[in-house]
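> sharing a model that was predicted from the sequence below.
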Amino acid sequence: MDGISKGKSMIVICKRILVPGFVTRVCLVPLVLLGMVFSCKENGKVSNSQKEKMVKEAERPTIQVEHPILAQVIAAHGGMENWKRMHTLSYEIPKDSGTEKHTIDLHSRKDRIQMGDIAMGYNGDTVWVLDEKGDYKGNPDFYHNLMFYFFAMPFVLTDPGIQYGKTRDLIVDGEAYPGISIGYDAGIGASPKDEYFLHFDPVTHTMAWLGYTATFGSDETSKKVNWIRYSDWAPVKGVLLPRSITWYDHEDREIGEPRSTVKFENITLERTSKPLSFYENPNGGQQGN
């Protein structure tokens, strides 16, 4: 909904827009009001460099998250503005079979994974895999962006087509973690029947637990909720990202012992984009299943 927010010294005009990958409101400070700001200087003088800085600050959109609780969580992780400024994310996942390097364009959601001699990716139209020896036994359609969605929580929960709801607190070792539920509109993504439950620390508002159902390849919903612990964070260019995430055994919402951990290493965020060819299907690459 469009609106006008009145502050003590200026009016901020807000308009709801759809930015690819984000559900946002953009608030702009009209430039005509800058004269008012300039005139408020005690000495009556503002240098050209100060003026340029103030103009840039006024022109810069403020990204606001629609859901108030999710907005608090995202703010605790560095804010939507910092995340939106970044274009390329990369990280490595060490495994017994070798190291995987994941690279993602945060605006187009194109991606590429390099696993030794095997590569796979999404070029914006199709999923491809390069596997000359035929060693890869997984499903590239399922895996090419699987870890990205776990890694990029909570920011990916602002994507278009999401429905927010209420959920009861998750109680772990006597501690209560408030949360929200997340569902998807019909036809959104490869698994629109998936459900997520984000639970956060009530003091810091950082993400603490993620519950999710897995329905890839099925038209039915699932009542089986898996639980991941988020507690190991790394600040990267002003954004809080996970160094590791841990799956836990559970009985419904009764959390048990840790089962398996995925580590993320050499995490980078860049404001620049990779060449389009980086995400394209190489010679010999086959389309995903």
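Nice, thanks for sending it over.
> ok, how many other residues are close to Glu270?
14 (other CB atoms under 10 Å). Glycine gets a C-beta too; all of them are placed from N, C-alpha and C.
> quick one: low-confidence parts of the stretch 101-250 of the chain?
Under the criterion pLDDT under 70, the flagged ranges of the stretch 101-250 of the chain are 186-193, 215-222.
> those strands in it, which residues are they?
Counting by DSSP state E, counting those that start in this stretch, residue ranges of the strands within the stretch 101-250 of the chain are 111-115, 118-122, 127-130, 162-166, 170-172, 175-177, 179-184, 196-200, 207-212, 226-236, 239-251.
> what comes up buried for the third one?
It refers to strand 127-130. Applying a neighbour-count criterion of 16 or more other CB atoms under 10 Å, one finds 127-130 buried in strand 127-130.
> which neighbours does that strand have in its sheet, and in what orientation?
Here strand 127-130 has these sheet partners by DSSP bridges: strand 118-122 (antiparallel), strand 286-287 (antiparallel).
> ok now stretch 91-100, how far from the chain's centre?
Its chain's C-alpha centre lies 21 Å from the corresponding centre of stretch 91-100 when counted by CA atoms, centre = their mean, to the nearest Å.
> quick check: His144 touching Ile118?
No - taking contact to mean CB atoms under 8 Å, the distance of 11.9 Å between His144 and Ile118 leaves them out of contact.
> higher neighbour count, these two?
Per other CB under 10 Å, whichever of His144 and Ile118 has more neighbours is His144, with 23 against 20.
> residue contacts, that one?
Counting by CB atoms under 8 Å, 6 or more residues apart in numbering, His144 makes contact with 111, 113, 120-122, 127, 288.
> among those residues, who's most crowded?
Comparing these on neighbour count, Gly121 comes out first with 28 neighbours (neighbours: other CB under 10 Å).
> what residue, apart from its backbone neighbours, is nearest that one spatially?
Among residues not flanking Gly121 along the chain, Arg112 sits closest, at 3.8 Å (CB to CB, 6 or more residues apart in numbering).
> just list whatever residues bridge to that neighbour.
Residues in beta-bridge contact with Arg112 (DSSP bridges): Thr103, Gly121.
> give me the neighbour count for it.
Residue neighbour count, defined by other CB under 10 Å, stands at 22 for Arg112.
> how about the nearest residue to Leu89, chain neighbours excluded?
Leaving out its chain neighbours, the residue that sits closest to Leu89 by CB to CB, 6+ apart is Ile104, at 4.8 Å.
> that neighbour contacts Asp111, doesn't it?
Yes - with contacts counted by CB under 8 Å, Ile104 reaches Asp111, the gap being 4.6 Å.
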